[in-house]
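In: Here is a sequence together with a model predicted from it:
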Amino acid sequence: MINTKPTVPMQAPPEQLLAGPLGSVAAEDETAGGISVQQIISILRHYWIASAITAVVLIALSFVVIKMLPKSYVATATLIFNYENKDVLAGREFPVGQAGTYIPTQIELILSRVVLEPVVERLKLTSDPEFARGFQGAPGALSEVVTNNLHDILTVQPGTGGQLLYIAAPSKNPERAAQIANAVADEYLKQERERTNAPAAERAERYSKQLQELREKAIQAQDRITEFRQQHELTEIAGSDAGGDAESATLRDLQDKLQSAQNARRELETRQISGTASTDAVLDSGAVSALRSKLATEDGQMADLRATLGPKHPKVIELQSEIEATKRALTNEVQSLSANGTVQLARARELEAKYQTALEAERTRVLDRRGLQDQGAKMLLELQSAQANYRRALDGYDQIMFATAGNYADVSMISRADPPAKPAKPNKNKFFMMACLFSLGVGLIWPFGYELFVNRRLRCRDDMERGFGIPVLAQLGPIEALQA
């Protein structure tokens, strides 16, 4: 072994003196499998200062690098799903069998472009260097790139219970991380409520339009009836039983009077043909007038009885006898009086014509009135139908509006994301401990590599014996006096 320091001879270890050359070879064979402890100690003793400096320098550099690592803050917003709730009044019920796929579908929806693009626009992430880093493409593709970057950093995880959902957003700025997490949660809740309540709102809008149309139809029907009533001066559109009875009574009265006039005219014509025409005196006679009145009354009674009784009825036979007796009395009275029958016949015909004209006019008036009433009845039926439809629609309007105003939501936010006080990563203490261990390891290991592969030296007797197979009989140590 070569040593630059002054040394003096010293006695070899007793085991080597007793063993001799053969013992050295045997020891060499036993320890030839690797580096010995004596070699390790000698190498470390020679390089301990350099190793310590290396470890200290690496630790210092690691400290500086770890200190300069950018911090990443993670803010988390928490949502809760209430998809199993049922709204009985609004008629809304969650479909059975979809609970297992509901939350995974919502996670995909949160991470989709439908939700993330409005968040990018709201927070103006296209101008944030953290999301638009290194972009050199067309301006139109910037939004897509930023959306993809936002998708990559977001973390959406369900809770262990199955109803909680955590939206975590990292950022170098704690306030920015909270803004992103809350913006994603708010946009998702907004779209979820729109999807949940949009069908009811759309149905209510259509229902309101239909209700307005029914109301306008009812008003138009009422206006047509009012105009029809004023145009034709009708107080009763469909007619009443009292009005119909009065019109029927008027017609019957005119018919009875016309029949009486016809009977009187026929009687005078018969008398004139038989040569027994009456004069003015006969016509003005009180007895003739009384008999004629009685005959007219009996004819009217006969007409009423024949309408209800048969010709063989005793009352009909008795009345017929009275009529015949009255006619005989009238004939006898007329024959007994010399009157001008021609004048009487002319008056009877004139009276019959007047009654016939009045009857035709009344019949025409009644028919016209009945036609107007029938037309008004149709219009009134249309009005009643329109009013009934409008009333039914108005009764169901409250339920439709209740379902619209319910603002039902399957998911709600239970905690908004707050700016985190501590960064989530990197864990600088952990990294520094790992760096210290790595630095110590490098400081201890590099001398062996340097010694074994670059600058191999003889530093102990094991180097002579293991490397060259030369047994060492004596080892010269340092001279203490010279060292002092």
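Out: Cool, the structure landed.

In: residue ranges with poor pLDDT in the stretch 1-150 of the chain?
Out: Applying pLDDT under 70 to the stretch 1-150 of the chain flags residues 1-34, 83-100, 134.

In: Mind doing that once more with 50?
Out: Across the stretch 1-150 of the chain, the ranges flagged by pLDDT under 50 are 1-12, 14-32, 86-92, 96.

In: Now do the strands in it.
Out: Taking DSSP state E, counting those that start in this stretch, the strands of the stretch 1-150 of the chain run over residues 7-8, 73-81.

In: And the ones you listed: which comes nearest residue 460?
Out: strand 7-8 (13.5 Å; Cβ to Cβ). Bear in mind the C-beta positions are built from the backbone N, C-alpha and C, glycine included.

In: From the domain annotation, what segments belong to each domain of this structure?
Out: What automatic domain parsing lists as the domains of the chain is 7-69+428-483, 73-204+406-415, 241-399.

In: Adding mean neighbour count and distance to residue 223 as columns, could you present those domains in TSV?
Out: Output for those, formatted as TSV (neighbours: other Cβ atoms under 10 Å; distance: least, Cβ to Cβ, whole Å):
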stretch	mean neighbour count	distance to residue 223
domain 7-69+428-483	14	82
domain 73-204+406-415	16	28
domain 241-399	15	10
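
In: Can I get the ones you listed in JSON lines including distance to residue 224?
Out: Below are these laid out as JSON lines (distance: least, Cβ to Cβ, whole Å):
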{"stretch": "domain 7-69+428-483", "distance to residue 224": "85"}
{"stretch": "domain 73-204+406-415", "distance to residue 224": "30"}
{"stretch": "domain 241-399", "distance to residue 224": "6"}
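
In: Identify whichever of those lies nearest to residue 215.
Out: domain 241-399 (5.6 Å).

In: show me what contacts residue 316?
Out: 302, 305, 306, 309, 310 (Cβ atoms under 8 Å, 6 or more residues apart in numbering).

In: The same query, at a cut-off of 6 Å, please.
Out: Contact analysis of residue 316 by Cβ atoms under 6 Å, 6 or more residues apart in numbering lists 305, 309.

In: Quick check: the nearest residue to residue 173 once chain neighbours are set aside vs residue 426, distance?
Out: With sequence-adjacent residues excluded and distances taken as Cβ to Cβ, 6 or more residues apart in numbering, residue 173 is closest to residue 73, at 7.0 Å. Applying Cβ to Cβ, to the nearest Å, the value for residue 73 to residue 426 is 12 Å.

In: Could you pull out the residues contacting both of the two?
Out: By Cβ under 6 Å, 6+ apart, no residue touches both residue 73 and residue 426.

In: And the domains of the chain: which comes nearest residue 233?
Out: Using Cβ to Cβ, these put domain 241-399 closest to residue 233, at 9.8 Å.

In: where's the closest one relative to the chain centroid, distance-wise?
Out: Here domain 241-399 shows a centroid-to-chain-centroid distance of 74 Å under the convention Cα atoms, centre = their mean, to the nearest Å.

In: got a markdown table for the strands of the stretch 1-150 of the chain, with distance to residue 115 too?
Out: Output for the strands of the stretch 1-150 of the chain, formatted as a markdown table (distance: least, Cβ to Cβ, whole Å):
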| stretch | distance to residue 115 |
| --- | --- |
| strand 7-8 | 82 |
| strand 73-81 | 13 |
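
In: in the stretch 1-150 of the chain, which spans are helices?
Out: Under the criterion DSSP state H, counting those that start in this stretch, helices of the stretch 1-150 of the chain are mapped to 14-31, 37-68, 99-110, 113-123, 142-153.

In: Adding distance to residue 291, write those out as a markdown table.
Out: Putting those into a markdown table (distance: least, Cβ to Cβ, whole Å) gives the following:
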| stretch | distance to residue 291 |
| --- | --- |
| helix 14-31 | 176 |
| helix 37-68 | 144 |
| helix 99-110 | 106 |
| helix 113-123 | 108 |
| helix 142-153 | 117 |
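
In: ok, back up a step: give me every residue that touches the residue nearest to residue 173.
Out: Residues in contact with residue 73 (Cβ under 6 Å, 6+ apart) are 171, 174, 177, 420, 423.

In: Could you report the distance from residue 314 to residue 294?
Out: 20 Å.

In: ditto for residue 82
Out: Residue 82 is 98 Å from residue 294, by Cβ to Cβ.

In: Next: residue 371.
Out: As judged by Cβ to Cβ, residue 371 and residue 294 stand 41 Å apart.

In: Next: residue 391.
Out: Following Cβ to Cβ, the distance that separates residue 391 from residue 294 is 62 Å.

In: Likewise for residue 170?
Out: Here residue 170 is placed at a distance of 123 Å from residue 294 (Cβ to Cβ).

In: now residue 141
Out: Residue 141 is 118 Å from residue 294, where distance means Cβ to Cβ.

In: likewise residue 315?
Out: Applying Cβ to Cβ, the value for residue 315 to residue 294 is 17 Å.

In: ditto for residue 357
Out: For residue 357, the distance to residue 294 - Cβ to Cβ - is 27 Å.

In: and the contacts of residue 73, which of them are in strands?
Out: Members of the contacts of residue 73 lying in strands (criterion: DSSP state E): residue 171.

In: Among the contacts of residue 73, show me the least confident.
Out: In terms of pLDDT, the lowest of those is residue 423, showing 78.

In: Leaving out chain neighbours, which residue sits closest to that one?
Out: residue 71 (3.9 Å).

In: Quick check: that neighbour touching residue 422?
Out: No - Residue 71 lies out of contact with residue 422 (Cβ atoms under 6 Å); the separation is 9.0 Å.

In: so residue 417, which of the three states?
Out: coil (DSSP: H, G, I helix; E, B strand; the rest coil).

In: how about residue 172, what does it touch?
Out: Contacts of residue 172 by Cβ under 6 Å, 6+ apart are residue 70.

In: show me what contacts residue 469?
Out: By Cβ under 6 Å, 6+ apart, residue 469 has no neighbours at all.

In: Tell me which of the helices of the stretch 1-150 of the chain sits nearest to residue 471.
Out: For those, the distance to residue 471 is smallest for helix 14-31, at 3.3 Å, taking Cβ to Cβ.

In: Kindly state the pLDDT recorded for residue 438?
Out: Residue 438 carries a pLDDT value of 91.

In: wait, residue 368
Out: 79.

In: swap in residue 168?
Out: 91.

In: Tell me the bridge partners for it.
Out: Residue 168 has these beta-bridge partners by DSSP bridges: residue 76, residue 155.

In: State the pLDDT value of residue 434.
Out: 91.

In: what's the answer for residue 161, then?
Out: pLDDT recorded at residue 161 is 74.

In: Angles on the backbone of it, please.
Out: phi -80, psi -20 (degrees, to the nearest 10).
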